[in-house]
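*Asks:* Predicted model, plus sequence, below.
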Amino acid sequence: MVYDLRDDYLAQGFTPEEAAEFDSPGTIAAIESVLISLGHKTERVGNIKALVSALAEGKRWDLVFNIAEGVRGLAREAQVPALLETYGIPYTFSAPEVMVTTMDKGLAKRIVRDCGVPTTPFAVIGCKDDLAKVDLPFPLFVKPIAEGTGKGVTAASRVENRKDLEKMALELLARYDQPVLAETYLPGREFTVGIVGAGAKAKSIGALEILLGTGAEAWCHSYHNKENCEDLVEYRLCADKDAQQAAEAALAAWRALGCRDAGRIDIRFDANGIANFIEANPLAGLNPGHSDLCILAEQAGISYDELIGMIVKQAAQRIKAGAKGKKAA
C-alpha cells in the first residue's frame, strides 16, 4: 500500500489546506482491512520516498494499491505509477500519462472537447499578460488549474467583471504558483458521477447531485464546503433525466481521458440544460463516509468492502490480461 498520510505532512509544517488531499490513518486502516478480508497479504509502504527506499532494498509486490497524491508539480499523481512501471510492478488506478492529463484541468478539457464531450468555454491564465486575452462572457469561474479537494475555490471564484477577474486570478497565481483556469460559469445542477472499469467496459455506478445547504459557501463545491460536507452539503443519488445525461457525459469523458479502475467525473449543467464536463478525478478519495465516491457507492447500494473489491478486481483483470498477452507473444 502506497499513500500520503496527512499527519506526516502536518508534522513537517504543511498547512491543513496543503495537506487536504492526503489520507487519514483511518482511511488506510479501512482499505487494509478490506484487502485482508479479501485474502490478500498487505504491507504498508507509505509515500513515494518510502517506496523508493523499499524498491532499493529489493522489495517487490504482486500489486500495489496506490492512492498517493504526491506533493509537487503537475505530475505529482503520476510519480508513483511511473516509478512502479519502471520496475514492472502492477498498481491500482490510472496510468502516469492519464494522471498528468487529468491534473491539468485545461488540458483535460481540451481532450474531452475534441472527443465531442461538452465543456464550458475556458481560458488558461499563466501570467498577468494573459488576462488581456480572456474573451469570455461573464460571469466566469476562476480556480487553480491543478489542485484538488476544492483548494483555491471559494464563493469569490465566481467573478462578475474584468476587475474582479484580474484580482482573483492574480491572487491565485501568487498563492498556488501555477496557471489559473477561467471558464464560463455554469448555473445548472451539479453532479459527480462514479465510474468503475475502463474503456468500453467502464460503467457508471451512479450520479450524485451536490446540493449546498444553509451556511455553505455560495456558487460552488468549495474547499470549505468539502472539508465540512457533513454539515454543509447534501449528497443525493439521482436517476432522473439529468442524472442519466450526466452519467453519459461522464462515461464519454472517462473513456476519452483513458481513466481506469475507479474514480469520478464532475459534471455541471449549463443554462441550456446540457451536461458539461468540469474535471476528472481518477484518484478519488476513499475515506469511508466522507469521500464523494464512497458516499455515492453507499447510496447506490455498494458497500465500502465491495467498492474496494471492485478496484482490486479491475487491476487483477489487467494483470491477467497482460500475462496472457506475454504468453501469446
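*Replies:* Yes, it's here. Residues are numbered from 1 along each chain as shown.
*Asks:* Do a quick rundown of the strands in the chain.
*Replies:* Using DSSP state E, the strands assigned to the chain run over residues 122-125, 140-144, 158-159, 180-184, 190-196, 203-212, 233-238, 262-269, 275-281.
*Asks:* now those as a markdown table including mean neighbour count?
*Replies:* C-beta: built from backbone N, CA, C; applies to glycine. As requested, the strands of the chain are exported to a markdown table (neighbours: other Cβ atoms under 10 Å):
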| stretch | mean neighbour count |
| --- | --- |
| strand 122-125 | 20 |
| strand 140-144 | 24 |
| strand 158-159 | 20 |
| strand 180-184 | 23 |
| strand 190-196 | 26 |
| strand 203-212 | 20 |
| strand 233-238 | 15 |
| strand 262-269 | 26 |
| strand 275-281 | 25 |
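*Asks:* Would you mind giving the ones you listed as JSON lines with mean pLDDT and distance to L5 added?
*Replies:* Putting the strands of the chain into JSON lines (pLDDT from 0 to 100; distance: least, Cβ to Cβ, whole Å) gives the following:
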{"stretch": "strand 122-125", "mean pLDDT": "98", "distance to L5": "33"}
{"stretch": "strand 140-144", "mean pLDDT": "96", "distance to L5": "23"}
{"stretch": "strand 158-159", "mean pLDDT": "96", "distance to L5": "34"}
{"stretch": "strand 180-184", "mean pLDDT": "97", "distance to L5": "29"}
{"stretch": "strand 190-196", "mean pLDDT": "97", "distance to L5": "25"}
{"stretch": "strand 203-212", "mean pLDDT": "96", "distance to L5": "27"}
{"stretch": "strand 233-238", "mean pLDDT": "94", "distance to L5": "25"}
{"stretch": "strand 262-269", "mean pLDDT": "98", "distance to L5": "21"}
{"stretch": "strand 275-281", "mean pLDDT": "97", "distance to L5": "20"}
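*Asks:* got these as a markdown table, with distance to E32 columns?
*Replies:* As requested, these are exported to a markdown table (distance: least, Cβ to Cβ, whole Å):
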| stretch | distance to E32 |
| --- | --- |
| strand 122-125 | 40 |
| strand 140-144 | 32 |
| strand 158-159 | 41 |
| strand 180-184 | 36 |
| strand 190-196 | 21 |
| strand 203-212 | 23 |
| strand 233-238 | 26 |
| strand 262-269 | 17 |
| strand 275-281 | 22 |
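*Asks:* Now do the contacts for E85.
*Replies:* With contact set as Cβ atoms under 8 Å, 6 or more residues apart in numbering, E85 has these partners: 95-96.
*Asks:* Swap in 10 Å and give it another go.
*Replies:* 78, 91, 95-96 (Cβ atoms under 10 Å, 6 or more residues apart in numbering).
*Asks:* nearest to G126, of those residues?
*Replies:* Using Cβ to Cβ, A78 is the member of the contacts of E85 that lies nearest G126, at 20.8 Å.
*Asks:* Does anything pack onto the helix or strand of the chain with the lowest mean pLDDT? Which helices or strands?
*Replies:* Lowest by mean pLDDT, DSSP states H and E among the helices and strands of the chain is helix 223-227, with a mean of 79. When contacts are defined as 3 or more Cβ pairs under 10 Å, 6 or more residues apart in numbering; DSSP states H and E, helix 223-227 packs onto strand 203-212, helix 229-232.
*Asks:* Quickly list what the most centrally placed residue in the chain is bridged to.
*Replies:* Centroid-nearest residue in the chain, with Cα atoms, centre = their mean: N281, separated by 2.1 Å. Under DSSP bridges, the beta-bridge partners of N281 are R264.
*Asks:* how near is it to A156?
*Replies:* Distance of N281 to A156, given as Cβ to Cβ, to the nearest Å: 23 Å.
*Asks:* cool, and L63?
*Replies:* Taking Cβ to Cβ, one finds L63 at 43 Å from A156.
*Asks:* ok so, going back, neighbouring contacts of the least confident helix or strand of the chain?
*Replies:* Applying Cβ under 10 Å, 6+ apart, the contact partners of helix 223-227 are 16-17, 20, 147-155, 210, 212-213, 215-218, 220, 231-233, 285, 290-292.
*Asks:* same question, stretch 28-39
*Replies:* By Cβ under 10 Å, 6+ apart, stretch 28-39 touches 1, 3, 5, 23-24, 40-44, 46, 63, 65, 67, 286-289, 294, 303-309, 311-313.
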